[in-house]
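Colleague: quick one: sequence plus predicted model below, questions after.
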Amino acid sequence: MKILKTAAAAAVFVLAAQGAYAGATFDAVKAKGYVQCGVNTGLGGFSAPDDKGVWKGLDVDMCRAVAAAMFGDAGKFRLTPTTPQQRFTALQSGEIDILTRNTTQTLARDASLGLIGAGVNYYDGQGFIVTKKLGVKSAKELNGATVCVQPGTTTELNLADFFRANKMTFKPVVIEKMDEVVGAYASGRCDAYTTDISGLAATRATQLPNPDDHIILPEVISKEPLGPMVRQGDDQWLVLVRWALFAMIEAEELGVTSANVDEMLKSENPNIKRLLGVTPGMGKNLGVDEKWAYNIIKQVGNYGESFERNVGKGSPLKLERGVNALWTQGGLMYAWPVR
Amino acid sequence: MASNPMSGGQKAPARRLSWNDPDVRSVVYQIVALAAVGLIGWFLVSNTLYNLQTRNIASGFDFLSREAGFAIGEGPIPFEPSDTYARAILVGLLNTLRIAVIGIILATILGTIIGIARLSKNWLVAKLSSIYVEVVRNVPLLLQLFFWYAIITETMPGPRSAFHPLPGIFISNRGIKLPAPSDHFAFDLAGLGFLVALVLAVIVSHWARKRQDATGQPFPVWRTAIALVIGLPLLGWIIGGAPLELDVPRLQGFNFVGGATLTPEFAALLAGLVIYTAGFIAEVVRSGIQAVSHGQWEAAEALGLKRDQVLRLVILPQALRVIIPPMTSQYLNITKNSSLAVAIGYPDIVSVANTTLNQTGQAIEGILIIMAVYLTISLSISVFMNWYNKHIALVER
């Protein structure tokens, strides 16, 4: 009756697995002692290993911020590199706790995948990169072009929408692996390569042999609010992730940085006192230590610091703050009040 | 276990239902095994459905009728982003079939040539084919695909400085551009003529065989067939008014427009699959021919048959008996290996279905479609090859 035993074992396994996923993510993460984040397989500035093999980037910082809020230690995280195609399945199945993988928030993703967006940590838009010798100054001149693109993303849909809207035709060359698709563009198989503009900047700075031979066309053809996603069904976890992000933005607005956060503990500003847990209550609401935001700022930095270090002036990407500036400086970064 | 209502055995009244009866035991075991498999299957399906539902993940095949929104690089039927997912998957399926059918034909031809060359008495030819077989069989196919794709895209010039070997033909890293028949009634007639010629050729060969069996008179079947296949399309073209205009590709902007295209993705995939599989087919053909004993050649020649008749009537029928079954697996391999297309950007069924399941988030449905497609194609090839195998099997007396 070996087969019966096997069947019974299989049944028990499936039941047990089902039980494990049904549990609240917040408690599960607390119990295992680290946060498991799904990140990009390698996108400079967002999540990529540096020359020492340490993963760095805006999305990695998001993951570290959650770890700092949860455990008081920004090092208590593990990363799972995912392709565009694997990422949602990895989150749905419970393999990862948060998806911090430059993922665009859309209605369909919010409503039909069993997932939910927890905020926006980078406002991006899709653009095109072309070689200078092609002589094209605008994306509107790309009629008949061959365009390299990665599959399984909103990028592919925006590309088709843009050409349809402008009554132009194009030929897509759809290749899954990032290196291969950039290689196809670099070899001249395609006239243009399209993805989010931050990604184009990263590719130009780190993957193309002569960065000065390429220009990013001025048109931004889509809205790409990139941000962390979690599973539906655990609101406490969603709230913690959302506020880990807001804490970084709020800290920048209040002028609190990783360098001055200890001095700021003595600040008289009631907003700063609430944020840093000098006036207690906020941490209790979230179900974590009162020093949650202090730990984020001390160990990860505020949003501005993270931005400049990973994608801004202090990085090879050299991206402007643009729409990612604080709302007080004409940008879109706006944290809800910490009170 | 004195009695078991499930088991048969009513025929012999002396026989009692007993656990010691091997028939009873085997029936019980089979029922239990079947029930267990059914239970596991039911459990997996219901568990999946339950989990999808509790996690608010959409399921079902409704998405097939929604607008796809993405473009597909190439395909035998036109496709616009405003078409449905169902049509996108159809385009992917046709692309897979196209690569599989052309790949099977070319690999069979190349493999047969190499296999025969390996048996050649010419030392150089035999050694070269041995080296070919050993090299292509022992390098992973994915690497070979990357190799061919890189060769094509890296070494070919851009479209503005394309090679231009013959009027209307351009070779660049955008692929090979060829003049195509324009949209004229006469070319449709020519196509029709070609199909009619194929049917007539089959009928003539049957008739010729019957006549030879009855009267002993041979008939030049091959020459007739070739004349038909060339003559009838030509006739159709002339009846249609013998138009001379072709759809010639020309450079417009930074790409070619018009004409027919052989894209680098298709070419790299085809080259990779054909060259790789031909290595295996060569070995199959060689072993098949070597399996026929030399005495068959001598005996056939002693009967006064010509050399090509010996090969066609005596040696090949016996060799095919050995060749066909392993050949079937090679054909299945080509079909299944074509799914590596996703690595070099050829829009086959896997590539299109992957994009679809990503846009819709319905992974299980997408994977089911891919599996159903490959299962159907593979079973069709198997059924056809098994039928052919039976058809050519020697009738032993």
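Modeller: On my side now, so go ahead.
Colleague: looking at this, B:Ile152 is in a strand?
Modeller: No - the secondary structure assignment for B:Ile152 gives helix rather than a strand, going by DSSP: H, G, I helix; E, B strand; the rest coil.
Colleague: for the nearest residue to it once chain neighbours are set aside, what are its contacts?
Modeller: Leaving aside its sequence neighbours, B:Ile152 sits nearest to B:Pro264 (C-beta to C-beta, 6 or more residues apart in numbering or on different chains; 4.4 Å). Just so you know, the C-beta spots here come from the backbone N, C-alpha and C atoms, and that holds for glycine as well. The contact partners of B:Pro264, taken as C-beta atoms under 8 Å, 6 or more residues apart in numbering or on different chains, are A:189, B:149, B:152-153, B:156, B:173-175.
Colleague: before we move on, what about A:Cys148?
Modeller: Applying C-beta under 8 Å, 6+ apart, we find A:Cys148 in contact with A:172-173, A:175, A:181-182, A:184-185, A:189-190, A:192-194.
Colleague: in helices only, show me the residues you listed.
Modeller: Members of the contacts of A:Cys148 lying in helices (criterion: DSSP state H): A:181-182, A:184-185.
Colleague: Serialize those to CSV and add fields for distance to chain B.
Modeller: CSV is the format used below for the ones in helices among the contacts of A:Cys148 (distance: C-beta to the nearest C-beta, whole Å):
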residue, distance to chain B
A:Val181, 8
A:Val182, 12
A:Ala184, 6
A:Tyr185, 10
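Colleague: next, format those residues as CSV and append pLDDT and neighbour count.
Modeller: As requested, the ones in helices among the contacts of A:Cys148 are arranged in CSV below (pLDDT from 0 to 100; neighbours: other C-beta atoms under 10 Å in any protein chain shown):
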residue, pLDDT, neighbour count
A:Val181, 90, 23
A:Val182, 91, 21
A:Ala184, 90, 25
A:Tyr185, 93, 28
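Colleague: wait, isn't A:Val39 in contact with A:Arg101?
Modeller: Yes - if you go by C-beta atoms under 8 Å, A:Val39 and A:Arg101 touch, sitting 5.2 Å apart.
Colleague: list the residues that contact both of these two?
Modeller: Residues touching both A:Val39 and A:Arg101 (C-beta under 8 Å, 6+ apart) are A:46-47, A:59, A:82.
Colleague: mind checking which of those land in helices?
Modeller: Of the shared contacts of A:Val39 and A:Arg101, the ones assigned to helices by DSSP H are A:Asp59.
Colleague: by mean pLDDT, point me to the weakest helix or strand of chain A.
Modeller: One helix or strand of chain A scores below all others by mean pLDDT, DSSP states H and E: helix A:2-22, with a mean of 46.
Colleague: other SSEs contacting the next helix or strand after that helix?
Modeller: Moving toward the C-terminus from helix A:2-22, the next helix or strand (DSSP states H and E) is helix A:25-32. Helix A:25-32 sits against helix A:235-254, with contacts defined as 3 or more C-beta pairs under 8 Å, 6 or more residues apart in numbering or on different chains; DSSP states H and E.
Colleague: show me what counts as buried in the helix it packs on.
Modeller: By 16 or more other C-beta atoms under 10 Å in any protein chain shown, the buried positions in helix A:235-254 come out as A:237-254.
Colleague: what does stretch B:144-153 give?
Modeller: Neighbour-count burial for stretch B:144-153 [16+ other C-beta under 10 Å]: B:144-146, B:148-150, B:152-153.
Colleague: and which of these is nearest to B:Ile367?
Modeller: Using C-beta to C-beta, B:Leu145 is the member of the buried residues of stretch B:144-153 that lies nearest B:Ile367, at 22.5 Å.
Colleague: count of residues packed around whatever residue of the stretch 1-150 of chain A ends up closest to chain B?
Modeller: Residue nearest to chain B within the stretch 1-150 of chain A: A:Gly114 (3.7 Å; C-beta to the nearest C-beta). Counted with other C-beta atoms under 10 Å in any protein chain shown, residues neighbouring A:Gly114 total 20.
Colleague: just to check, it is in contact with A:Gln232?
Modeller: Yes - A:Gly114 is within contact range of A:Gln232, at 5.3 Å (criterion: C-beta under 8 Å).
Colleague: residues shared between the contacts of the two?
Modeller: Joint contacts of A:Gly114 and A:Gln232 (C-beta under 8 Å, 6+ apart) are B:55-56.
Colleague: close to chain A, is stretch B:162-174?
Modeller: Yes - applying C-beta under 8 Å from any C-beta of the partner chain, one finds that stretch B:162-174 is in contact with chain A at B:173-174.
Colleague: what about that stretch, distance to the chain center?
Modeller: 29 Å (C-alpha atoms, centre = their mean, to the nearest Å).
Colleague: buried sites along that stretch?
Modeller: Neighbour-count burial for stretch B:162-174 flags B:162, B:168-174 (criterion: 16+ other C-beta under 10 Å).
Colleague: for stretch B:250-269, same thing?
Modeller: Buried-residue list, stretch B:250-269, by 16+ other C-beta under 10 Å: B:254-256, B:258-259, B:261, B:263-269.
Colleague: now, those residues that are in helices?
Modeller: The members of the buried residues of stretch B:250-269 that map onto helices under DSSP H are B:264-269.
Colleague: could you report the pLDDT at A:Ala202?
Modeller: Here the pLDDT value assigned to A:Ala202 is 88.
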